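Novice: structure for this input, please:
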Amino acid sequence: MESNRQRKVAQIIQEDFAELFRKQSSESKQNFLVSVSDVKVTPDLGIAKIYLSIFPQEFRSSIMKEIEINKAQYRNFIGQKMAKQVRIIPQLSFYLDTTLDDVEKIEKELRGEGDNPVL
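Specialist: Numbers count the residues shown, from 1 in each chain. Take a look at the predicted model:
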């Protein structure tokens, strides 16, 4: 069960990264969208797991690689935003959120358009 503090820190991280990724995608020459679908923070506030949805799918691997390369700069960015609110700036872990893809795949299978035959 998450504490109020964990939820508040997670919400701050989610809002700040959503704004950062929105700005980066609007400044990019390519058309893509990076949204922060969820943030989970450990009880000691030492680690933040950030789940990202990236559209369209063909950009996912390249964007995730770029995010991993720039992880230190993202931690510095969030550190400047949260400096007055927390003592320790959490380590950041970025994960690709594929739940919408999974839902779409299941719906396709249920309609009989997938690999499984309709029963």
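Novice: tell me which residues in stretch 86-99 are buried?
Specialist: Neighbour-count burial for stretch 86-99 flags 86, 89, 90, 92, 94, 97, 98 (criterion: 16 or more other Cβ atoms under 10 Å). Quick note: C-beta positions are derived from backbone N, CA and C, even for glycine.
Novice: same deal with stretch 45-57?
Specialist: Using 16+ other Cβ under 10 Å as the burial criterion, the residues of stretch 45-57 that qualify are 45, 48, 49, 50, 51, 52, 53, 54.
Novice: among those residues, which lie within strands?
Specialist: Among the buried residues of stretch 45-57, the ones falling in strands (DSSP state E) are 48, 49, 50, 51, 52, 53, 54.
Novice: and for the last one, nearest residue in space, chain neighbours not counted?
Specialist: Nearest residue to residue 54 in three dimensions, chain neighbours excluded: residue 60, at 4.7 Å (Cβ to Cβ, 6 or more residues apart in numbering).
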